[in-house]
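1. coords below, sequence missing:
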């Protein structure tokens with residue numbers, strides 16, 4: 001076992017053979033020579049090359065991968081021994097000389113490399129080998145970040161080897177294989193022996209390994225220990241796995257910003273027809289209907305509505321502004337590769353709009369997604385979803401993907417509470433994404449593509465017919481037609497000689513149009529958006545000090561027609577930002593960010609943010625954050641209840657013409673979280689607690705306390721939210737995962753001089769998710785307890801149209817079972833049910849029998865609009 005251990009370790013660290021024999025006379029008095037100098041990073045390169053810049057040395061180049069120092073020097077002026085002594089004096093060992101411990105220990109932590117040099121001696125001593133034998137025993141290459149005695153090696157440096165298996169028991173290095181952090185231009189190439197080392201930037205956890213003619217693969221680095229790599233068979237890179245099992249939902253332990261990633265495995269626990277259904281197994285995010293008739297949904301994070309959460313798609317602006325109501329429904333579930341959830345303030349590089357947090361959606365990538373994925377979903381409501389994902393490697397450098405989606409519902413009689421209104425609108429959504437990627441493996445990367453969506457919905461009373469009933473009192477109805485066109489591009493370059501240095505440009509242009517009517521109310525809106533973000537990142541002398549800086553530009557043009565009044569505004573926001581990351585060791589890291597922007601309507605403003613991570617003992621991670629967020633409210637699009645009620649609208653503001661005459665919303669977010677890893681029932685477990693507080697210095701208050709009126713006005717008083725959550729993830733027995741969570745909200749706002757609990761938000765929420773896998777079957781069961789919610793006042797209504805002050809508490813249960821059949825071409829068959837207890841709100845619409853009266857209101861939603869629903873589907877993949 002000891003021999004095997006050293007062979008596995010050696011497979012990762014053995015460098016190329018010493019090259020003292022590479023000695024060649026040059027014309028005249030100059031001589032070329034190369035010898036091995038031990039080092040670990042780009043800082044080592046600068047130090048070694050500067051050390052030998054002395055009289056008589058014409059050229060010196062050290063390669064970080066091969067460890068070879070190539071020299072052109074004049075022996076009559078300077079001796080080789082003197083050159084080598086200069087190298088040793090600055091702390092770097094060579095094959096026949098060792099630097100003094102004082103000099104070596106003075107090197108930055110990331111430059112420490114003696115574990116590599118001493119490993120050969122350990123093998124010789126413990127096994128008796130005088131030279132490395134064939135590495136047949138090293139089929140599984142294991143990368144250790146710590147010695148067996150627990151002593152830490154180089155800080156944040158991932159090392160490994162990429163090998164080719166020729167199916168005859170022989171292994172050859174894949175020279176030139178590309179290894180890079182997913183979604184960035186930060187990467188390296190394997191050297192001639194297949195070895196690589198890549199600096200961990202503290203922000204990313206997904207490492208991509210690719211090689212021409214082979215299929216790319218991705219690993220998730222959640223710990224710097226025992227990374228097990230098996231690569232290359234039949235021209236296809238084998239799976240790269242981590243010996244410590246990756247959970248379906250995990251947290252990047254290295255990042256100062258607490259980012260929770262929901263992987264594709266997590267998303268398959270439910271049907272996930274679209275983004276709004278992707279959070280059913282996540283205790284941090286609530287998803288509910290905006291109203292009883294439009295079918296639009298909103299999320300809640302930290303007790304605040306979804307418009308306070310920045311939604312991005314691959315770090316580009318996602319559905320926002322006019323697109324807010326239907327935005328969550330517009331991103332198809334099978335398109336999603338993963339979702340990153342950040343509570344509180346994030347990076348200033350992503351903008352200034354985040355107040356409650358950020359949700360970033362990563363779509364399927366051309367270079368590593370399935371060649372074909374087909375998905376068919378149907379439910380007993382009559383809704384059908386069709387999805388087709390295609391990807392293709394066009395050439396060595398180019399790849400493309402096409403993502404298609406179509407869903408439709410034709411059942412006009414869906415009416416659980418028998419109030420005469422359709423619970424969901426009928427209609428059809430068609431959307432697609434066509435994207436391309438160029439990567440020359442030499443630092444240049446380009447991505448671009450287009451997205452198109454067309455959505456048509458008709459709702460209202462079950463017998464509503466637009467051809468005869470539109471804009472009449474015959475029957476109440478609504479129609480929403482949406483068209484959205486988007487183009488995007490990402491251009492990046494990583495400096496080949498300095499992998500820590502890169503520059504990237506993000507671009508997107510969006511046109512969104514909505515034509516709609518609600519009874520007699522017309523709402524037509526257009527939005528044009530242009531966004532650009534230029535980011536440069538590098539280090540300050542060492543990787544302990546990293547920074548990002550850049551410029552951003554945002555152009556928003558809004559044109560809204562509500563009833564007979566037109567609301568127009570143009571916002572132009574250029575900005576500049578900088579972000580500094582301090583990582584002195586593995587226990588502590590901090591990110592300090594500052595951005596300055598100028599809004600053409602509201603003037604100059606500054607956004608500071610701070611995120612800190614501290615790991616006092618291994619397995620205990622403490623994070624804290626504080627920062628500012630600012631956004632412009634879109635009062636109509638973010639409050640669709642205005643459209644489906646008889647309430648009159650009152651907007652009271654000071655700055656007429658600037659965003660409905662209202663001031664921008666500004667809040668300060670503070671938060672702290674603790675993640676504790678431990679062993680429970682012999683398996684890994686995680687207990688996490690977090691607390692976040694938002695304090696608004698200004699907020700656009702949505703006041704619905706008068707049932708005849710909805711008022712929008714600037715905050716006059718206090719508005720805050722407190723959020724506490726505790727969560728336990730464990731595995732009592734193998735392949736049986738349990739997630740338990742409890743959450744408490746205290747959210748209050750000043751309404752007309754009175755500080756009240758914000759309506760339609762539950763103070764308490766408890767959550768249980770059980771997942772079990774056996775013999776190709778996967779079982780998932782989720783229970784959610786929702787506490788009571790305060791309801792807006794309805795005492796001014798006649799008694800029959802009044803509602804109580806609080807809603808009742810209720811429990812929801814969802815379940816799904818899936819089975820995978822086939823290995824070469826796997827097929828997933830899944831069956832499930834939502835709202836198993838068939839609990840739904842009975843009085844979803846006030847005055848449903850008088851839809852054109854002053855009492856009509858379909859916006860008072862505190863519970864499920866629909867009852868029990870069964871569904872089934874099939875997924876077919878060609879990898």
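-> Looks like it arrived, so ask away. If you're wondering where the values come from, they're calculated on a predicted model, not measured in any experiment. Numbers count the residues shown, from 1 in each chain.
2. Could you list the low-confidence segments of the protein?
-> Within the chain, the segments meeting pLDDT under 70 span 1-29, 109-110, 114-157, 159, 163-176, 183-186, 192-194, 200-205, 211-246, 654-657.
3. Can you show me the helices along it?
-> 2-13, 42-51, 80-89, 101-105, 114-127, 264-267, 324-327, 466-469 (DSSP state H).
4. Can you give me the neighbour number for the spatially closest residue to residue 440 that is not a sequence neighbour?
-> In space, and not counting its chain neighbours, residue 440 is closest to residue 397: 5.1 Å by Cβ to Cβ, 6 or more residues apart in numbering. To be clear about C-beta, it is placed using only N, CA and C from the backbone, and glycine gets the same treatment. The tally of other residues near residue 397 (other Cβ atoms under 10 Å) stands at 16.
5. residues touching residue 397, list them.
-> Going by Cβ atoms under 8 Å, 6 or more residues apart in numbering, residue 397 touches 438, 439, 440, 441.
6. Turn these into CSV, columns for neighbour count and distance to residue 653.
-> Output for the contacts of residue 397, formatted as CSV (neighbours: other Cβ atoms under 10 Å; distance: Cβ to Cβ, whole Å):
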residue, neighbour count, distance to residue 653
438, 15, 48
439, 24, 49
440, 12, 53
441, 17, 54
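7. Among these, which one lies nearest to residue 659?
-> Residue 659 has its nearest neighbour among those in residue 438, at 39.8 Å by Cβ to Cβ.
8. Spatially nearest residue to the closest one, not counting backbone neighbours?
-> Residue nearest to residue 438 in three dimensions, not counting chain neighbours: residue 446, with 4.3 Å by Cβ to Cβ, 6+ apart.
9. my read: the one you found touches residue 488, true?
-> No - Residue 446 lies out of contact with residue 488 (Cβ atoms under 8 Å); the separation is 11.6 Å.
10. Neighbour count: these two, which is higher?
-> residue 488 (21 against 17).
11. Just confirm the more buried one contacts residue 448, I think it does.
-> Yes - judged on Cβ under 8 Å, residue 488 makes contact with residue 448 at a distance of 6.6 Å.
12. what's the nearest residue to the spatially most central residue of the chain if we skip its chain neighbours?
-> Among the residues of the chain, the one closest to the centroid is residue 340, at 2.6 Å (Cα atoms, centre = their mean). Using Cβ to Cβ, 6+ apart and skipping the chain neighbours, the partner closest in space to residue 340 is residue 360 (4.4 Å).
13. do residue 73 as well
-> Per Cβ to Cβ, 6+ apart, closest to residue 73 is residue 57, 4.6 Å.
14. Can you get me a residue count around the one you found?
-> So residue 57, with other Cβ under 10 Å, has 19 neighbours.
15. correct me, but it touches residue 86?
-> No - using Cβ under 8 Å, residue 57 is not in contact with residue 86; the gap is 9.2 Å.
16. who's in contact with residue 863?
-> Neighbouring residues of residue 863 by Cβ under 8 Å, 6+ apart: 786, 807, 810, 839, 840, 841.
17. The second one and residue 792 touch, don't they?
-> If I follow you right, that is residue 807. No - Residue 807 is not in contact with residue 792 according to Cβ under 8 Å; the separation is 11.2 Å.
18. quick one: the closest residue to residue 787 other than its chain neighbours and residue 836, what's the gap?
-> Setting aside the residues directly before and after it, residue 787 is nearest to residue 764 in space (Cβ to Cβ, 6+ apart), at 3.4 Å. Note on residue 764: its distance to residue 836, by Cβ to Cβ, to the nearest Å, is 21 Å.
19. between those two, who's got more neighbours?
-> Each of residue 764 and residue 836 has its neighbours counted (other Cβ under 10 Å); residue 836 has more, 18 against 13.
20. any idea how far the residue lying closest to the more buried one once chain neighbours are set aside is from residue 760?
-> Excluding the flanking residues, the one nearest residue 836 by Cβ to Cβ, 6+ apart is residue 813, at 4.1 Å. Using Cβ to Cβ, residue 813 is found at 22 Å from residue 760.
21. next one: residue 469
-> Residue 469 sits at a distance of 30 Å from residue 760 (criterion: Cβ to Cβ).
22. Over to residue 55?
-> 78 Å.
23. Mind checking which of those two has more residues around it?
-> Neighbour totals were compared for residue 55 and residue 760, and residue 760 leads with 18 against 8 (other Cβ under 10 Å).
24. quick one, what contacts that one?
-> For residue 760, the contact set (Cβ under 8 Å, 6+ apart) comprises 789, 790, 791, 792, 860, 861, 862.
25. which of these sit farthest apart?
-> Greatest spatial distance in the contacts of residue 760: 790 and 861, 13.5 Å, computed using Cβ to Cβ.
26. so what's the backbone phi/psi at the residue nearest to residue 47 when sequence neighbours are not counted?
-> In space, and not counting its chain neighbours, residue 47 is closest to residue 90: 5.6 Å by Cβ to Cβ, 6+ apart. Note on residue 90: its backbone torsions stand at phi -90, psi 10 [degrees, to the nearest 10].
27. residues in contact with residue 498?
-> Listed by Cβ under 8 Å, 6+ apart, the contact partners of residue 498 are 42, 538.
28. change it to 7 Å
-> Going by Cβ atoms under 7 Å, 6 or more residues apart in numbering, residue 498 touches residue 42.
29. distance of it from residue 851?
-> For residue 498 relative to residue 851 (Cβ to Cβ), the value is 66 Å.
30. First-to-last residue distance for stretch 536-549?
-> 5 Å (Cα to Cα, to the nearest Å).
31. Name the surrounding residues that touch that stretch.
-> With Cβ under 7 Å, 6+ apart, stretch 536-549 has contacts from 41, 43, 108, 110, 199, 201, 349, 500-503, 535, 550, 577-584.
32. Out of these, which end up buried?
-> 41, 43, 108, 110, 199, 201, 349, 500-503, 535, 550, 577-579, 581-583 (16 or more other Cβ atoms under 10 Å).
33. Among these, name the ones in strands.
-> Judged by DSSP state E, the subset of these located in strands is 199, 502, 503, 535, 550, 577, 578, 579, 581, 582.
34. doesn't residue 493 make contact with residue 443?
-> Yes - counting by Cβ atoms under 7 Å, residue 443 does reach residue 493; the two are 5.4 Å apart.
35. out of these two, which sits in the busier spot?
-> residue 443 (19 against 16).
36. What backbone torsions are found at that one?
-> Backbone torsions for residue 443, taken as degrees, to the nearest 10, come to phi 110, psi -20.
37. got the contact list for residue 599?
-> Residue 599 is in contact with 571, 573, 605, counting by Cβ under 7 Å, 6+ apart.
38. Can you tell me which of these is closest to residue 33?
-> Out of these, the member with the shortest distance to residue 33 (by Cβ to Cβ) is residue 573, at 57.5 Å.
39. Bridged to that closest one, which residues?
-> Note on residue 573: beta-bridge partners by DSSP bridges are residue 554.
40. quick one: it and residue 533 touch, right?
-> No - checked against Cβ under 7 Å, the pair residue 573 and residue 533 is beyond contact range at 11.8 Å.
41. Compare the two (neighbour count), which wins?
-> Legend: neighbour count by other Cβ under 10 Å for residue 573 and residue 533, higher for residue 533 (23 against 20).
42. didn't that one look like it was pressed against residue 574?
-> No - with contact defined as Cβ under 7 Å, residue 533 does not reach residue 574; the gap is 11.4 Å.
43. Please report the number of neighbouring residues for residue 768.
-> Residue 768 has 15 neighbours, counted by other Cβ under 10 Å.
44. With adjacent residues omitted, what lies nearest to it?
-> Nearest non-adjacent residue to residue 768, counting by Cβ to Cβ, 6+ apart: residue 783, 4.5 Å away.
45. any idea how far the one you found is from residue 289?
-> Distance of residue 783 to residue 289, given as Cβ to Cβ: 20 Å.
46. Between those two, which has more neighbouring residues?
-> Higher neighbour count among residue 783 and residue 289: residue 289, with 23 against 16, using other Cβ under 10 Å.
47. Now do that one against residue 738, distance only.
-> Separation of residue 289 from residue 738 (Cβ to Cβ) stands at 29 Å.
48. That's all I had, so thanks and see you.
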